[in-house]
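A.B. asks: got a predicted structure here, sequence first:
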Amino acid sequence: MPARATTKRPPPPPAPPLALSIKQFCEAHNLSEAMFHKIRNAGQGPRLMHVGSRVLISLEAAAEWRKAREAETMARREAEASARHDQELKEVEG
């Protein structure tokens, strides 16, 4: 009986990371590590977790950080628009 030909399956793709190093987080968010530490020191950085000697940022923490930054940006824009509107009213009334 002839030997059966076997086909070698390719290995499965690697699992996506569930946490990022600070360097990976910075690369993914187009930040320098210096800017990361600046915003972290200002209390506006993402939550960190320590695993052994590594410092990681979960994907959930990264998503929450982005959402908080977006909300802050929108609130600031709305406040600026309101202030401009108030100024325009004063000039018209004035």
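C.D. replies: Cool, got the structure.

A.B. asks: please make it C-alpha for all contacts and neighbour counts, starting now.
C.D. replies: Will do.

A.B. asks: His85: neighbour count?
C.D. replies: Applying other CA atoms under 10 Å, we find 12 residues neighbouring His85.

A.B. asks: pLDDT score assigned to Asp1?
C.D. replies: Actually, residue 1 is Met rather than Asp. Per-residue pLDDT puts Met1 at 61.

A.B. asks: for the longest strand that the chain contains, what does the pLDDT average out to?
C.D. replies: Identified as the longest strand of the chain according to DSSP state E is strand 54-58. What strand 54-58 shows for mean pLDDT is 98.

A.B. asks: make sure Met49 is actually in contact with Val55.
C.D. replies: Yes: using CA atoms under 8 Å, Met49 is in contact with Val55, at 5.8 Å.

A.B. asks: can you show me the strands along this protein?
C.D. replies: With DSSP E as the criterion, the chain has strands spanning 19-21, 49-51, 54-58.

A.B. asks: redo these as TSV? Include distance to Pro10 and mean neighbour count.
C.D. replies: Conversion of the strands of the chain to TSV gives the following (distance: least, CA to CA, whole Å; neighbours: other CA atoms under 10 Å):
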stretch	distance to Pro10	mean neighbour count
strand 19-21	26	17
strand 49-51	32	10
strand 54-58	29	16
